[in-house]
Each structure stands twice: as C-alpha cells, then as structure tokens.
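Q: Show me the folded form of this:
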Amino acid sequence: MTFATLRTGIDGLDGILAGGIRYPDDAAVFLCLAGGPGTGKTLLALEMVVRAWLDDENGATFLYYSVEHAPEAIQKKLASDFDWYRKKRAIEPQPREVPNKLTLRAAGSGSELTLTQARPAALQQKHARGTTVDIEWILAEIENQRMVGPICMVVIDNVGLLLTDLEYFEKRAALLELRRRLLEHKIHGIFVMEEAHPRDLRLPSAEEFSTDLMLHLSFQDEAANFKARALEISKARHQYYYRGVHHFSIAGRGITRDVYLGARNERGPGIHIYPSVAAQLSMARDQAQFAVPTRGDTPIGLGHPDLDRAFLYGTGPVLRSSIVLLAEPGTRATFLALRFLAAGLQKGERALFVSTREDRDAVRRICQREPALAACLDAEGRFTANFRVVYLHPEFIAPGKFNWDLIRLCQGGHADGAPQPVTRLAFDNIYRLQDRFPLITDQRFLIAAMLDMLRYQGVTPFFVDMAPLGAWQGRGDFDPSPYLVGFDTVMHTWFADENRNQPFFRVLKSVGNDYANEPVAIDWLKA
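A: So this is what the prediction gives:
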C-alpha cells in the first residue's frame, strides 16, 4: 500500500502530524473534529476547507454543509473577520439558485466552494419543498456534483443534528454509508461533532465512524481561572504523530506576528496550533535525523576582557555552546549579556536580546550610555538591522507557544523577505518565568528543551538567572546543580563586600575549557 499526504497548511497541525494527513493513495482522508461548544471546531473545519479550496488548481468543487450558520454569515466571516482569501485571488459569488446555498468561485482556477445550510427543523415539515437537507440528500447531491466535475472535499458541520429523527443503529449505518461513499470516490471528508457524554447512545461515538484521524478540541482550566485552548490527536490510523496535549489560539483579521512574543502576537488570522514543548523537541530531533550539530573549535569571546581572562590557554566558550550567568543583585548582568551580543554584531552576526525585566526603551538607553555597546545602535540611535530586542510582557500563554515563538524569532522572525536567522541569543533573565507566564509550570524542562533546540538552530545562547545574595559564600539554600547539569558553561558574578565596591566573576563549569579557579575582578567599563 502506498500513501499520499494532504497538507492542511496550518504549520503546527502539519507538524504534529509529521508533515500532514497521510492516507492510502487509492482512497481519501476521513477526519473527525470533536469537542465541546465554543472550542473552535467549526473554525478549524472552515480553515481546512478554505485552504484546500484556494490551493486547488484543477477546478474541483468543495462542499461545506452547516446546520447552524447561514451561507451569507459564513461568507462574511471569511471575508471580514479572517480575510483568508483576499490576498490569494479574487472570489466571485455565483448567482443564487436556492435560498440556503451560496457558491463562491476562485478566479483563475475555477475551483468552487459551495456553502449550504441544512435545516433540521424542516425535517418535521412534510410539505416544505426544497428545504430538507439530510444525509441522504447530501449523498444525492454528491452524486449529482460528480457528474458535473470532480469533488475534492466534503465538510459536514455538526453532523449529529442531521440525524435527530433516526434510531441509533440507523444513524450509525447512515454515517458509515456516507464515509464509504466518500472514500470510494476519493473525496476527502471532514465531520464536525459536538462532544457528547461517553454513555450517551443517542449518537454513534466518533470512534465508530471515523477510522482515519480524530482531533479532539477542548478547554483546559489553568492558573487564575484561565481556560487554555487545547488540541489532542486521539487517533491517526495511517501515520506517526506526536502524542500529547497541544495548545492553539484563534486570531482575527489584522493580527500580525512580527511585533513581540506573546498571546496577542500571531502570524495571521485563523487557527494557530502550538505543539507541546516535548513534541517540538522530538520534531527537531526527527528532522535532524538525530544528527546533533557539533560545537565549534574556536572560542567566540564573551564580549568583556575580564570575563575572557578567566579562561586559560586560549580556551573559552565556542559556537553553539550554552552559557548561563548566575548574577547576584546589583551586578550588571544585563550589561554583560548585551556585551556578549555586541561582540557578535561587530563580526557581522545577527543577535537577539530577549528580556523579562528591561523593555526596549531601557535597553536602548543602556546602549546609548555605554561605548562598548556602540555596535547595537545605528547613527540615528536606533537598534541596528542585525540586532533585535524583544521585551516579554506578562502573558497567559502555553509553554508550547512560548518556545515556538522564540525559536521562530531565532529563525529570522516573521517579517517579509528571506529569513535572517540569528547566531547569538541573550535571555535576560529566566528567574521564575512562571511568575510572568503563569501557564509555564515546568520551567526546568522548558529551559533544557530550549537549549537543545537552539543548538539545532545553530544559535549560541547566553542566559541570565538570579542568584541570592551571598550565594558565593554558601549562604542560603541556593542549589547550582540544575545549571551545572544543563549548561556547557556556568558563570557567577557577585560583590565581594556589602558596600558593592568590587564585583567579581568566576567560572563554575566550562566543558572542554581551562579556567581560573580563583575569582577574577571585573571592571564594568573596561573596553
């Protein structure tokens, strides 16, 4: 048996499906979207059929049946709220033949999307001619449409409401017959089902008629009574997929993603699916075929001579090695992180500065004040084209979206034109991220996975975390072991006395390098 793949065009969904929906090339995709009210089932089905329609170049027909929504309402939603098709090609509404049907034609390809409203109430009206749309009617229309031209996809939204007058086994038989007919004619089918109680036998369960792919949409109660949107693949018959709960968001028209990392930051309108952090890590490893990128051989320099002086015999952190600076209060950790990036900018590299404590204006003022950071600004006092600064606002976003956006920024952001990936990243700082991002509960795993994925991207990260006063003297219960396990190079900076007269620096660990065991005094302003 050989397989074909239907790409949904939703990158997160195609990602967790390992490239798209796989199906036997002599059949078609049969997909079930299940979930509770308001979870986004209809919107996901609409986006999938609209994307497939606009990508079609063969003049095929796409059929969408909705119980709850009139065709005019769906058309306005597509054009006004989500604007999915305005940039692709002109859309030409065709003359109306019946009140509950509207056909849209894509200029150039001749492909058509027919929106039909089914009216379950009309099933009780014995003499209401032309208004009854049920499963048998849909099967008959599919046969008629096939005589005119090819049908590529059929979507039935809230299919359960079309079966209200049938007994349980009649419902099951009707659904199975519809599925059989679609697959026989190689027509992709999407059923949208309102979630029912597992013991509710008024409707067949999704498992009974959807044997290929099942997507379950839901809400998850999170911190501060916040409900996060979640998606899970319950079944995928013909393919490998990434298990677990993945989060998603819905964005309306006018949303752009190239502004900042956060919940209100999306690449465009519609559904955006963010694989879990564990899935993203697995995807990165699978795409690299487990060939972990090697580190460099030549020290890259930390941007400050006193920090470089702590490493002996011409050694030091190299390309794609991970670095963390544990900074006690009052030390100029932000300045040291910026000097690390400035050293890369002076070599023509692209750099990304991510901050949880200093906004863009504060960073710009630091760069204006310090001559060592001149490479960060242009002649007009703005950040140079190779230097990007992102300030992280407190947000209710899932760890998957947090990591997904950060990796995309490292890949070059989402601006128009060719991607321009960064080679150096400074993250200031990672201390108690869950305080700013309440949905990030497993911070240690997030940081560990992020470091692994940054290495696959060819990025050298410099992270800053806070250490309590007196940590260098063993005061308090500060435990450096998570950093010693997770990072290639672990550094520490502090003041020698309570008056903060002299800052010091030492290396706690650096894989493959020689370094001084005694502390090194730092002169912040040394060139």
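Q: Please list all residues in contact with residue 243.
A: 233, 279 (CB atoms under 8 Å, 6 or more residues apart in numbering). For every residue, glycine as well, the C-beta is placed using N, CA and C.
Q: Distance-wise, check it relative to residue 155.
A: Distance of residue 243 to residue 155, computed by CB to CB, to the nearest Å: 26 Å.
Q: Same check on residue 527?
A: 65 Å.
Q: Provide the backbone phi and psi angles at residue 245.
A: phi -90, psi 120 (degrees, to the nearest 10).
Q: more crowded one of residue 527 and residue 155?
A: residue 155 (26 against 7; other CB atoms under 10 Å).
Q: Confirm the more buried one sits in a strand?
A: Yes: Residue 155 sits within a strand when classified using DSSP: H, G, I helix; E, B strand; the rest coil.
Q: give me the beta-bridge partners of it?
A: residue 64, residue 190 (DSSP bridges).
Q: One more: residue 6?
A: With DSSP bridges as the rule, residue 6 is bridged to residue 21.
Q: Give me the number of neighbouring residues for it.
A: The burial count for residue 6: 20, using other CB under 10 Å.
Q: Can you give me every residue that contacts it?
A: By CB under 8 Å, 6+ apart, the neighbours of residue 6 are 20, 21, 22, 23, 29, 52, 188.
Q: Find the nearest non-adjacent residue to the fourth one, please.
A: The shortest distance from residue 23 to any residue other than its chain neighbours is 4.7 Å, reached at residue 29 (CB to CB, 6 or more residues apart in numbering).
Q: Per-residue confidence, that neighbour, what does it come out as?
A: Looking at residue 29, its pLDDT is 92.
Q: What residue spans form the domains of the chain?
A: 26-229, 305-521 (automatic domain parsing).
Q: I'd like these laid out as TSV, including distance to residue 279.
A: Shown next, in TSV, are the domains of the chain (distance: least, CB to CB, whole Å):
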stretch	distance to residue 279
domain 26-229	15
domain 305-521	8
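Q: worst average pLDDT in those domains?
A: Least confidently modelled of the domains of the chain is domain 26-229, at a mean of 81 by mean pLDDT.
Q: Buried residues, the helix or strand containing residue 484. List them.
A: When elements are assigned from DSSP states H and E, residue 484 belongs to helix 481-486. Neighbour-count burial for helix 481-486, with 16 or more other CB atoms under 10 Å as criterion, is recorded at 483, 486.
Q: Need the residues that contact it.
A: 322, 324, 326, 444, 447, 448, 451, 465, 490, 508, 509.
Q: How about stretch 65-79?
A: 42, 46, 50, 64, 84-86, 91, 93, 100-102, 104, 115-120, 133, 138, 154-158, 161-162.
Q: How far off centre is that stretch?
A: Chain-centre distance of stretch 65-79: 27 Å, with CA atoms, centre = their mean, to the nearest Å.
Q: same check, this time on stretch 220-236
A: Centroid separation for stretch 220-236 versus its chain: 14 Å, with CA atoms, centre = their mean.
Q: Give me the buried positions along that stretch.
A: So for stretch 220-236, counting by 16+ other CB under 10 Å, buried means 222, 228, 229, 230, 231, 232, 233, 236.
Q: CA atoms of it as CSV?
A: Provided in CSV are the C-alpha atoms of stretch 220-236 (Å, rounded to 0.1, in the frame of the first residue of the first chain):
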residue,chain,number,x,y,z
GLN,A,220,-8.2,23.3,30.0
ASP,A,221,-8.6,25.1,33.3
GLU,A,222,-5.3,26.7,34.1
ALA,A,223,-4.0,29.3,36.6
ALA,A,224,-6.1,32.2,37.7
ASN,A,225,-9.3,30.6,36.3
PHE,A,226,-7.9,30.9,32.7
LYS,A,227,-9.1,28.4,30.1
ALA,A,228,-6.5,27.5,27.6
ARG,A,229,-7.5,26.0,24.2
ALA,A,230,-6.1,22.5,23.8
LEU,A,231,-6.0,20.0,20.9
GLU,A,232,-5.1,16.3,21.1
ILE,A,233,-4.9,13.7,18.4
SER,A,234,-7.0,10.8,19.6
LYS,A,235,-6.3,8.5,16.7
ALA,A,236,-4.3,8.5,13.5
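Q: Pull the contacting residues for residue 320.
A: By CB under 8 Å, 6+ apart, the neighbours of residue 320 are 293, 294, 295, 296, 455, 458, 459, 460.
Q: sorry, back to before: ok, so of the buried residues of stretch 220-236, who is nearest residue 174?
A: Of all those, residue 236 has the smallest distance to residue 174: 24.7 Å, by CB to CB.
Q: Correct me if wrong: that closest one contacts residue 17.
A: Yes: here residue 236 reaches residue 17: they are 7.0 Å apart, a contact under CB atoms under 8 Å.
Q: Now do the shared contacts for these two.
A: residue 213.
Q: Which parts of the stretch 301-450 of the chain are helices?
A: Taking DSSP state H, counting those that start in this stretch as the criterion, the stretch 301-450 of the chain contains helices spanning 305-309, 333-346, 360-369, 399-410, 433-436, 443-456.
Q: Would you mind putting these into a markdown table with distance to residue 504 and mean neighbour count alongside?
A: A markdown table is the format used below for the helices of the stretch 301-450 of the chain (distance: least, CB to CB, whole Å; neighbours: other CB atoms under 10 Å):
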| stretch | distance to residue 504 | mean neighbour count |
| --- | --- | --- |
| helix 305-309 | 10 | 17 |
| helix 333-346 | 13 | 23 |
| helix 360-369 | 22 | 15 |
| helix 399-410 | 31 | 22 |
| helix 433-436 | 27 | 15 |
| helix 443-456 | 25 | 19 |
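Q: who wins for proximity to residue 178 among those?
A: Across the helices of the stretch 301-450 of the chain, closest to residue 178 is helix 399-410 (CB to CB), at 34.7 Å.
Q: got the angle between that closest one and helix 443-456?
A: 30 degrees (axes from the mean of the first three to the mean of the last three CA atoms, to 10 degrees).
Q: what's in contact with helix 399-410?
A: Taking CB under 8 Å, 6+ apart as the rule, helix 399-410 contacts 12, 246-247, 249, 261-263, 265, 274-277, 279-280, 352, 354, 388, 390, 414, 421-422, 425, 437, 439-442, 446, 449-450, 453-454, 457, 459.
Q: still on that earlier bit, which pair of the contacts of residue 6 spans the longest distance?
A: 22 and 52 (15.5 Å).
Q: of the contacts of helix 399-410, buried ones?
A: 12, 246-247, 249, 261-263, 265, 274-277, 279-280, 352, 354, 388, 390, 414, 422, 425, 437, 439-440, 446, 449-450, 453-454, 457, 459.
Q: surely residue 300 meets residue 318?
A: Yes: the pair residue 300 / residue 318 is scored as a contact, 6.1 Å apart, by CB under 8 Å.
Q: Please enumerate the shared neighbours of these two.
A: Joint contacts of residue 300 and residue 318 (CB under 8 Å, 6+ apart) do not exist.
Q: Settle it for me: which of the two has more neighbours?
A: residue 300 (22 against 19).
Q: Quick check: pLDDT value at that one.
A: At residue 300, the pLDDT recorded in the model is 94.
Q: Quickly note the distance from it to residue 491.
A: 14 Å.
Q: now residue 37, nearest residue through space, not along the chain?
A: residue 194 is the one closest to residue 37 (CB to CB, 6+ apart), at 7.0 Å.
Q: Please name the bridge partners of that neighbour.
A: Beta-bridge partners, per DSSP bridges, of residue 194: residue 35.
Q: before we move on, back to that, how about the domains of the chain, which one is nearest residue 270?
A: domain 26-229 (4.9 Å).
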